[in-house]
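*Asks:* my questions are about this predicted structure, shown below with the sequence.
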Number of protein chains: 2
Amino acid sequence: MTTTSTLSDWMKQSQAQIETALMHFLPSDLITPTHLHQAMRYAVLDGGKRVRPLLVYAAGELFSAGHSELTRAACALEMIHAYSLVHDDMPCMDDDALRRGKPTVHVKYGQATALLVGDALQAQAFLILAQGHCPAERQLEMLQILAHSSGSLGMCGGQAIDLDSVGLNLTRDQLEQMHQLKTGALLRASVLLGALCGQQLNATEHAALNRYADAIGLAFQVVDDILDATADSAALGKTAGKDAANNKPTYVSILGLEASQQLAQQLRHEAHAALESFHGQSSTTARTQRLSQLADFIVERSA
Amino acid sequence: MTTTSTLSDWMKQSQAQIETALMHFLPSDLITPTHLHQAMRYAVLDGGKRVRPLLVYAAGELFSAGHSELTRAACALEMIHAYSLVHDDMPCMDDDALRRGKPTVHVKYGQATALLVGDALQAQAFLILAQGHCPAERQLEMLQILAHSSGSLGMCGGQAIDLDSVGLNLTRDQLEQMHQLKTGALLRASVLLGALCGQQLNATEHAALNRYADAIGLAFQVVDDILDATADSAALGKTAGKDAANNKPTYVSILGLEASQQLAQQLRHEAHAALESFHGQSSTTARTQRLSQLADFIVERSA
């Protein structure tokens, strides 16, 4: 789709493409074990804003990456994200019964299956990325980024810090560190994988994308905390107000609502500023449009 | 170590090398999140026979693979195996309190941490394999095999069939299919990854290694079932007799003890026969020794 389409049209088209691709990259529920495959598809399909895939596509546009490789990377990231939601919702973690307006996987399929769904989705993510067709060295780099960002020094590590911090009075720095791992790492991986689908990155490009990703990653979490404190469950498609109920530290609890909203705006500006390093080349200025718009979307979203 | 050393000496040396390498490839427990990293190290270090790493080394010996790449692949496989044990032991799965003679991870660190330990170990396995130094195309093939063998068409899939089969009267074929996925897939991956550390495989080599792996994979499970029915918990380092208590189908429950013991011997012969295709070249005959001995070990083990 050309860069003249509206963000909303581009998002809808990209989300539809991702949905089709996820259907393809998930094992068919006609294949044994059918019950597990049904549950995996339930966990991933027909849900979510697909923020990580959108970031992959947007970063790929900046580097003129091929569509099929972007879609593959986007599906891998979305499967990692989906597995983390399945496990986070389980009774021994957040014990949540509602996700994207539907019963969570363990409520619908039982805890044992939910555990396996998450495990198998993680493996599937690495499988489809390892089957990609970028030059092999670059494909390996993408796999390293995905593994690092989802493991104990990324998403799982952030989740562990989150667990350990319930009831504690975290400083703003500690809260930021937790979120950089818990959600920021995978969002950053989305930006980097999208770019790497196009080309090897030089140090300047890498640093600029990191600055962009840090800003939108943090903004994403700040806005999540604002929405958790202000929106209702129906609008969110998940249980609202859970953080306060669980005595979890949030940006709203540490900074207050107004300062949190100011912080989100500041982070949006930082994201835009990071993209300016690509504006020197006239050919790439226009191609930062989607990344720029996604920074806006992340801050302005209402769910 | 030369091929003139005894199997016992070779195993001890290999196990010591794996232990050292796992200590290196697991995140330090001095790094944040320290609690998660402690638990990951507890789950992996100081335990088990390291059957998968031994298969990697043995297959690597056949193809003169380099030691450091074999060790990396062996650690990746052992981390996948260890994560599966952590998750399988959780209350929503087998609810086991004892593993390798020690409290299971969820008993020692809590269920939420156990869930994250498994998730993070899986990511770590893919990370270290993606950081390997075999030619990139071959490294990608190894990642594909690891992901496929551990996902819904491999280990996780076998576990799902196992869950669905509690209380059912499985046929021998159904039982075999379950075990080919649940334990066989990762054992096969161990053999293939060890070989691929040495060279790209031709179709004949691939088929022979698959025959060997199928035989020892099944033998491993048959012997597990025999030991579960005949050994005591202290000798096993885990709770014995659980399958019968849980009404799970086993080779012993379907075939009886004597026929199960005969089957294990038959599978040992099939494993040896599969290796004979490598005996045409005088240079490789001696190099099948460890794979041959491991088939014996798997059938003769008492724990």
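*Replies:* The structure has been received and is ready for your questions. It should be emphasised that the depicted structure is a prediction, and the values quoted were computed from it without experimental measurement.

*Asks:* can I get stretch A:126-141 in CSV, CA atoms only?
*Replies:* Extracted in CSV, the C-alpha atoms of stretch A:126-141 (Å, rounded to 0.1, in the frame of the first residue of the first chain):
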residue,chain,number,x,y,z
PHE,A,126,11.6,-19.7,16.2
LEU,A,127,10.8,-22.4,13.6
ILE,A,128,9.2,-20.0,11.2
LEU,A,129,11.9,-17.4,11.6
ALA,A,130,14.6,-20.0,11.1
GLN,A,131,12.9,-21.0,7.9
GLY,A,132,13.1,-17.4,6.5
HIS,A,133,14.8,-16.5,3.2
CYS,A,134,17.0,-13.5,4.1
PRO,A,135,20.7,-14.1,3.7
ALA,A,136,21.6,-16.8,6.3
GLU,A,137,23.9,-14.6,8.4
ARG,A,138,21.2,-11.9,8.6
GLN,A,139,18.5,-14.5,9.4
LEU,A,140,20.7,-15.8,12.3
GLU,A,141,21.1,-12.2,13.6
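
*Asks:* pull out the buried positions in it.
*Replies:* By neighbour count on 16 or more other CB atoms under 10 Å in any protein chain shown, the buried set for stretch A:126-141 is A:126-132, A:134, A:136, A:138-141. Where C-beta positions appear, they are placed from N, C-alpha and C, glycine not excepted.

*Asks:* and stretch A:265-281, by the same measure?
*Replies:* For stretch A:265-281, the buried set under the neighbour-count rule, 16+ other CB under 10 Å, comprises A:Leu267, A:Arg268, A:Glu270, A:Ala271, A:His272, A:Ala274, A:Leu275, A:Ser277, A:Phe278.

*Asks:* mind checking the backbone torsions on A:Gly249?
*Replies:* Not Gly; residue A:249 is Pro. phi -70, psi 140 (degrees, to the nearest 10).

*Asks:* isn't it up against A:Leu168?
*Replies:* Yes: under the criterion of CB atoms under 8 Å, A:Pro249 makes contact with A:Leu168 at 7.0 Å.

*Asks:* so for the two, which residue has more residues nearby?
*Replies:* In this view A:Pro249 and A:Leu168 are compared by other CB atoms under 10 Å in any protein chain shown, and A:Pro249 has more residues nearby, 21 against 11.

*Asks:* can you tell me the closest non-neighbouring residue to the more buried one?
*Replies:* Spatial nearest neighbour of A:Pro249, excluding adjacent residues (CB to CB, 6 or more residues apart in numbering or on different chains): A:Leu170 at 4.3 Å.

*Asks:* give me phi/psi at the one you found?
*Replies:* When quoted as degrees, to the nearest 10, the phi and psi of A:Leu170 stand at phi -70, psi 150.

*Asks:* just A:Leu98 next, same as before
*Replies:* phi -130, psi 130.

*Asks:* got a pLDDT number for it?
*Replies:* Looking at A:Leu98, its pLDDT stands at 93.

*Asks:* show me the buried residues of stretch A:126-141 that map onto helices.
*Replies:* Secondary structure from DSSP state H places A:Phe126, A:Leu127, A:Ile128, A:Leu129, A:Ala130, A:Ala136, A:Arg138, A:Gln139, A:Leu140, A:Glu141 of these in helices.

*Asks:* for A:Gln124, give me its contacts.
*Replies:* With contacts defined as CB atoms under 8 Å, 6 or more residues apart in numbering or on different chains, A:Gln124 is in contact with A:Phe25, A:Leu26, A:Pro27, A:Met40, A:Met79, B:Ala147, B:Gly151, B:Ser152.

*Asks:* likewise for A:Val222?
*Replies:* With contact set as CB under 8 Å, 6+ apart, A:Val222 has these partners: A:Tyr251, A:Ser260, A:Leu263, A:Ala264, A:Leu267.

*Asks:* what is the lowest-pLDDT residue among the residues you listed?
*Replies:* Least confident entry in those, by pLDDT: A:Tyr251, with 92.

*Asks:* quick one: contacts for it?
*Replies:* So A:Tyr251 contacts A:Arg172, A:Leu175, A:Gln221, A:Val222, A:Asp225, A:Ile226, A:Ser260, A:Leu263 (CB under 8 Å, 6+ apart).

*Asks:* and what of A:Asp29?
*Replies:* Counting by CB under 8 Å, 6+ apart, the residues that A:Asp29 touches are A:His37, A:Gln38, A:Arg41.

*Asks:* of those, list those near chain B.
*Replies:* A:His37 (CB under 8 Å from any CB of the partner chain).

*Asks:* now render the contacts of A:Asp29 as CSV, adding pLDDT, neighbour count and secondary structure.
*Replies:* CSV is the format used below for the contacts of A:Asp29 (pLDDT from 0 to 100; neighbours: other CB atoms under 10 Å in any protein chain shown; DSSP: H, G, I helix; E, B strand; the rest coil):
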residue, pLDDT, neighbour count, secondary structure
A:His37, 98, 22, helix
A:Gln38, 98, 18, helix
A:Arg41, 98, 17, helix
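
*Asks:* which one of the contacts of A:Asp29 is nearest to A:Leu294?
*Replies:* When those are compared for distance to A:Leu294 (CB to CB), A:Arg41 wins out at 26.7 Å.

*Asks:* not counting sequence-adjacent ones, nearest residue to that closest one?
*Replies:* Distances taken as CB to CB, 6+ apart put A:Leu26 closest to A:Arg41, at 5.3 Å, once the chain neighbours are dropped.

*Asks:* can you check A:Tyr57 too?
*Replies:* A:Ser14 (5.2 Å).

*Asks:* need the phi and psi values for that neighbour.
*Replies:* Torsion angles, degrees, to the nearest 10, at A:Ser14: phi -60, psi -40.

*Asks:* for A:Leu30, same thing?
*Replies:* Backbone geometry at A:Leu30, expressed as degrees, to the nearest 10, gives phi -90, psi -10.

*Asks:* got the residues of the stretch 101-250 of chain A near chain B?
*Replies:* So far as CB under 8 Å from any CB goes, the stretch 101-250 of chain A lies against chain B at A:110-116, A:118-120, A:122-124, A:126-127, A:130-131, A:135-137, A:139-140, A:143-144, A:146-148, A:150-154, A:156-157, A:159-161, A:163-164, A:177.

*Asks:* where do the helices of the stretch 201-303 of chain A begin and end?
*Replies:* All helices of the stretch 201-303 of chain A, identified by DSSP state H, counting those that start in this stretch, fall at A:203-230, A:233-236, A:242-245, A:251-255, A:257-275, A:282-285, A:289-300.

*Asks:* right, I'll call it a day here.
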